[in-house]
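Trainee: dropping a prediction and its sequence here:
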Amino acid sequence: MSHTPLDLSHIAVRDKAEILAQALPYIRKFHGKTMVIKYGGNAMTDPALQAAFAEDVVLLKLVGINPIVVHGGGPQIDEALARIGKKGTFIQGMRVTDAETMGVVEWVLAGEVQQDIVGLINHAGGKAVGLTGRDGGLVRARKMKLLDKDDPTKEYDVGQVGEIDSIDPAVVKALQDDAFIPVISPIGFGEHNESYNINADLVASKLAEVLKAEKLLMLTNISGVLDKQGQLLTDLTSRRIDELVADGTISGGMLPKLAGAIDAAKCGVNAVHIIDGRVPHVLLLEILTDQAFGTMIRAR
């Protein structure tokens, strides 16, 4: 896959050197640290953004940072379901996953989408390896009990949607130590070897927590968490997020994203960032510059 590289000819050589020099403190600070990246939205579907993302991940690895990619694939699953005449349905941001849908989820996420990402990273000069939650016993799961957010006595059956029981990161650590970049599909397995579709935000958050990652970065199709006037909220605590959920400012698909972010922040991940995946090279901008992009989540 070829793409047109960014034209930097208008930038003076001295300025390019200055930009690189300014990145040095961040490279030094984060050398050897783990960064878990939730990859989704436009960054996954726009060819130029795909190429920029892959280059960012490879560069992070080359300067001694350990990126781990956890990907979603909602639009691709919807397209595949449409091809077999099936429409996706959601309850409180969770995809209802019957047995037929689970089969589609597995071949889209662990096949098509994951291998596209692995190919992009390898093409950019990295060494990516695709995993699902089954590989190395990575993600053990159980059937999710989804309670109504307004009436906790009411429970929804969302099929083969899973909650995480435990994560065994041994296979991820082994790959990292051997210079590979893990690319993980959010599919877990249960005690009877059944498959579970797990929200990718929750898998990324839990993995970051278990690995005590330096950062969890979640790429989205918006600039971050917005208030009711559409203004970016750059710094949020768990208490403030609770208030925003209660008054309806935060809803839908942002709910599991923020729930996972808060858990990760409370359990040792130094910083959680929700960033705009529509911005080319946003990972490098967020990690290697002092400019804040998106919303940072803190435990308190």
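Mentor: Arrived safely, thanks for sending.
Trainee: which residues are contacting stretch 256-264?
Mentor: Contact partners of stretch 256-264, identified using C-beta atoms under 8 Å, 6 or more residues apart in numbering, comprise 93-94, 199, 201-202, 204-206, 208-209, 213, 216, 218, 220, 225, 238, 241, 245, 250, 272, 274, 297, 299. Yep, even glycine has a C-beta here, placed from its N, CA and C like the rest.
Trainee: try it again with 6 Å
Mentor: With contact meaning C-beta atoms under 6 Å, 6 or more residues apart in numbering, stretch 256-264 is reached by 93, 199, 201-202, 205, 208-209, 216, 238, 241, 272, 297.
Trainee: one more: stretch 114-130?
Mentor: 1, 50, 54-55, 57-58, 61, 71, 175, 180-183, 185.
Trainee: low-confidence ranges in the stretch 101-250 of the chain?
Mentor: Along the stretch 101-250 of the chain, no part satisfies pLDDT under 70.
Trainee: can you give me the distance of the residue lying closest to residue 65 once chain neighbours are set aside to residue 226?
Mentor: Distances taken as C-beta to C-beta, 6 or more residues apart in numbering put residue 30 closest to residue 65, at 5.1 Å, once the chain neighbours are dropped. Separation of residue 30 from residue 226 (C-beta to C-beta, to the nearest Å): 28 Å.
Trainee: next, the buried residues of stretch 286-296.
Mentor: Buried residues in stretch 286-296, counting neighbours by 16 or more other C-beta atoms under 10 Å, are found at 286-288, 293-296.
Trainee: in those, find the pair that's most separated.
Mentor: Greatest spacing in these, by C-beta to C-beta: 288 and 295 (18.8 Å).
Trainee: have a look at this protein and report its longest helix.
Mentor: Counting by DSSP state H, the longest helix found in the chain is helix 13-30.
Trainee: could you give the mean pLDDT of that one?
Mentor: Mean pLDDT, computed over helix 13-30, is 83.
Trainee: and it, how far from the chain's centre?
Mentor: The chain centre lies 26 Å from the centre of helix 13-30; the measure is C-alpha atoms, centre = their mean, to the nearest Å.
Trainee: use 45 as the first number from now on
Mentor: Sure, I'll start numbering at 45, so the last one becomes helix 57-74.
Trainee: that one: which residues count as buried?
Mentor: For helix 57-74, by 16+ other C-beta under 10 Å, it's 70-71, 74.
Trainee: other SSEs contacting it?
Mentor: Helix 57-74 sits against no helix or strand, with contacts defined as 3 or more C-beta pairs under 6 Å, 6 or more residues apart in numbering; DSSP states H and E.
Trainee: next helix or strand past that helix?
Mentor: Scanning forward in sequence from helix 57-74 by DSSP states H and E, the next helix or strand is strand 78-83.
Trainee: list the neighbouring strands of that next one plus their orientation.
Mentor: Using DSSP bridges, strand 78-83 pairs in its sheet with strand 110-115 (parallel), strand 259-264 (parallel).
Trainee: quick one: mean pLDDT for it?
Mentor: On average, strand 78-83 scores 96.
Trainee: try stretch 317-326
Mentor: Computed over stretch 317-326, the average pLDDT equals 90.
Trainee: before we move on, what about stretch 89-98?
Mentor: 92.
Trainee: repeat that for stretch 117-133.
Mentor: 90.
Trainee: who's in contact with that stretch?
Mentor: By C-beta under 6 Å, 6+ apart, stretch 117-133 touches 139-140, 148-149, 152-153, 157.
Trainee: TSV for the contacts of stretch 158-174, including secondary structure, neighbour count and distance to residue 84?
Mentor: What follows is those, written out as TSV (DSSP: H, G, I helix; E, B strand; the rest coil; neighbours: other C-beta atoms under 10 Å; distance: C-beta to C-beta, whole Å):
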residue	secondary structure	neighbour count	distance to residue 84
45	coil	11	20
94	helix	21	12
98	helix	26	15
99	helix	23	18
101	helix	27	14
102	helix	21	19
105	helix	21	20
115	strand	25	7
219	helix	21	21
224	coil	17	22
225	strand	24	17
226	strand	25	17
227	strand	28	13
229	strand	29	12
